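> Here is my input, please return the structure:
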Amino acid sequence: MSIILQNPALASFDNVSTIFPGELGDVEDSLSALPGSAFRIGLLIPMCGSAGLWAPSCISSAQVAVAQLNKMNGICGRPVELIMIDSALEAPTPVEEVINSLIQIRAIDAIVGMHISAVRQTLSKIVNQRVPYIYTPLYEGGENTKGIFAIGETPDQQLGPALEYLQDTHKIKSWALIGNDYVWPRASNSYAKSKLNDMSVHIAYEKYVPFGLNDMTGIVEEIGRTDAEAVLISLVGQDAITFNRAFGYADMHQKMIRLSCAIEENGLLATGAENLQGLYSASSYFGSLATDANAAFKEKYHSFHGDSAPVLNAIGQSTYEGVQFLAGLMKAHEHDWESKNSSCLNSIKYSSVRLNSGTNAVAGKAPMYLALADGVMFNIIKTI
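Predicted coordinates for the structure are as follows:
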């Protein structure tokens with residue numbers, strides 16, 4: 001069974017129940033009444049706001065991992081259940097309140113989180129080693145808190161090689177940087193500026209915007225008035241879509257290329273093929289990835305959800321990795337996980353799609369790919 005907190009619209013998934021809390025007491029009463037034998041994972045994903053478009057893919061991918069584990073021995077010999085919790089900044093109840101309450105009443109045994117870094121930083125103080133916390137998406141790096149395990153790629157693994165390739169290929173003289181105003185875009189752009197400076201490349205524009213801007217025409221026009229020949233986009237979800245639509249409407253692709261580390265297949269579909277010319281993305285996973293591991297995963301995914309399942313992408317697939325990593329962590333460190341952190345990633349074996357080595361996968365060693373938008377799909381052009 002799976003339970004969703006806060007967004008009834010997502011309860012269309014099979015085997016999903018919905019709790020829409022007006023008060024936290026509603027959550028506590030509902031979950032404390034559930035049987036206690038299962039290993040319950042709090043799956044933290046944005047269900048509304050700028051990043052809400054990722055939720056269906058995240059839920060669907062995590063459900064495949066749970067189904068696989070439950071065909072074997074679950075986690076710690078217990079069947080696995082998901083409790084999906086809205087981790088968006090725009091959520092009606094702050095996620096830190098929900099998580100603190102669920103941990104206090106022992107309604108969850110672990111957390112798998114796919115959300116922005118600002119939420120992780122807040123929750124690290126709330127969770128405080130009471131349950132293991134797997135953080136799945138790309139992020140700025142440097143997460144060393146005990147009990148938290150960040151398995152996503154970092155700028156040196158992802159952004160650096162992409163910048164090097166694009167510089168070698170396009171001989172870009174000047175870049176523009178645009179991102180949302182929080183820790184990951186600022187840290188990622190700081191890394192990019194250092195990297196580009198080492199290559200004697202000029203930064204023509206840098207700006208950070210709040211979440212939820214409905215019109216980015218003015219920002220695109222500002223970038224267009226600079227001498228930038230490329231733009232690094234560190235916007236999240238719907239904000240990236242809004243920017244890329246404005247970019248396409250202005251025919252800016254005739255002047256500059258685009259690079260993002262967070263735009264995935266959902267974003268392409270929503271942006272529209274006519275607005276995607278010259279858009280590159282760097283990631284350790286794309287739905288089109290032609291590996292044996294991805295072929296097997298896609299077969300399981302569509303067998304479980306059908307042909308109309310949410311589109312596969314790096315953000316969604318990361319929750320599959322997170323649930324599987326949690327199982328590997330608990331197998332190796334059931335009784336001492338509290339003393340571990342992200343420095344132990346290389347010792348954890350788990351079933352992975354990105355790492356393409358089955359149950360012998362080791363976190364942090366995924367190949368990285370550069371892809372170019374081709375219509376509303378990504379065409380992988382190079383391993384970087």
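> ok, now how distant is residue 347 from residue 341?
Residue 347 is 12 Å from residue 341, where distance means Cβ to Cβ, to the nearest Å. (Glycine included, C-beta is placed from N, CA and C.)
> now do residue 168
Taking Cβ to Cβ, one finds residue 168 at 36 Å from residue 341.
> Who has more neighbours out of the two?
Here residue 168 and residue 341 are compared on neighbour count by other Cβ atoms under 10 Å; more neighbours surround residue 341, at 17 against 10.
> So for the more buried one, what's the pLDDT?
Per-residue pLDDT puts residue 341 at 94.
> Who are the contact partners of the residue nearest to residue 89 when sequence neighbours are not counted?
Counting by Cβ to Cβ, 6 or more residues apart in numbering, residue 89 lies nearest to residue 49, which is 6.2 Å off, once chain neighbours are set aside. Residue 49 sits next to 88-91, 211-212, 237-238 when contact means Cβ atoms under 8 Å, 6 or more residues apart in numbering.
> Only the buried subset of these, as a ChimeraX command please.
In ChimeraX, a selection of the buried entries from the contacts of residue 49 looks like this (16 or more other Cβ atoms under 10 Å):
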select :88,89,91,211,237,238
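> and stretch 75-95, average pLDDT?
In this model, stretch 75-95 carries a mean pLDDT of 94.
> buried sites along that stretch?
Neighbour count says stretch 75-95 has 75, 78, 80-89, 91, 93-95 buried, by 16+ other Cβ under 10 Å.
> closest to residue 175 among the residues you listed?
Among these, residue 89 lies closest to residue 175 (Cβ to Cβ), at 27.9 Å.
> For residue 115, grab phi and psi.
According to degrees, to the nearest 10, the main-chain angles of residue 115 amount to phi -160, psi 180.
> That one and residue 42 touch, don't they?
No. Counting by Cβ atoms under 8 Å, residue 42 is not a contact partner of residue 115; they are 11.6 Å apart.
> which of the two has more neighbours?
Applying other Cβ under 10 Å to residue 115 and residue 42 shows that residue 42 carries more neighbours, namely 26 against 23.
> hey, what's that one bridged with?
Beta-bridge pairing for residue 42 (DSSP bridges): residue 83, residue 111.
> so it touches residue 81, yeah?
No. If you go by Cβ under 8 Å, residue 42 and residue 81 don't touch, sitting 10.2 Å apart.
> Widest-spaced pair of the buried residues of stretch 75-95?
Within the buried residues of stretch 75-95, 78 and 89 form the most distant pair, 32.5 Å apart (Cβ to Cβ).
> those helices in the protein, which residues are they?
Assignment of helices within the chain using DSSP state H yields the ranges 24-32, 55-71, 95-104, 117-127, 159-170, 183-198, 217-224, 238-249, 265-271, 292-305, 314-333.
> Tell me which of the ones you listed lies nearest to residue 142.
helix 183-198 (8.2 Å).
> So which bits of the closest one are buried?
184-189, 191-193, 195-196.
> nearest to residue 174, of those residues?
Residue 174 has its nearest neighbour among the buried residues of helix 183-198 in residue 196, at 9.2 Å by Cβ to Cβ.
> Contacts only, for that closest one.
Counting by Cβ under 8 Å, 6+ apart, residue 196 touches 163, 167, 175, 202-203.
> Most neighbours among the residues you listed, please name it.
Of the contacts of residue 196, residue 175 is surrounded by the most neighbours, 27 neighbours in total, counting by other Cβ under 10 Å.
> so what's that residue up against?
Residue 175 sits next to 192, 196, 201-204, 228-232 when contact means Cβ under 8 Å, 6+ apart.
> Determine which two of these are furthest apart.
With Cβ to Cβ as the measure, no two of those lie farther apart than 192 and 229, at 14.6 Å.
> Identify, out of the helices of the chain, the most deeply packed stretch.
Greatest average neighbour count among the helices of the chain goes to helix 314-333 (a mean of 26), per mean count of other Cβ atoms under 10 Å.
> That helix vs helix 292-305, what angle?
100 degrees (axes from the mean of the first three to the mean of the last three Cα atoms, to 10 degrees).
> Any idea how many residues pack against residue 290?
Residue 290 has 8 nearby residues by other Cβ under 10 Å.
> so who does it touch?
Residue 290 is in contact with residue 380, counting by Cβ under 8 Å, 6+ apart.
> With residue 332 instead?
347-349 are the contacts of residue 332 under Cβ under 8 Å, 6+ apart.
> Quick check: the gap between residue 149 and residue 136.
9 Å.
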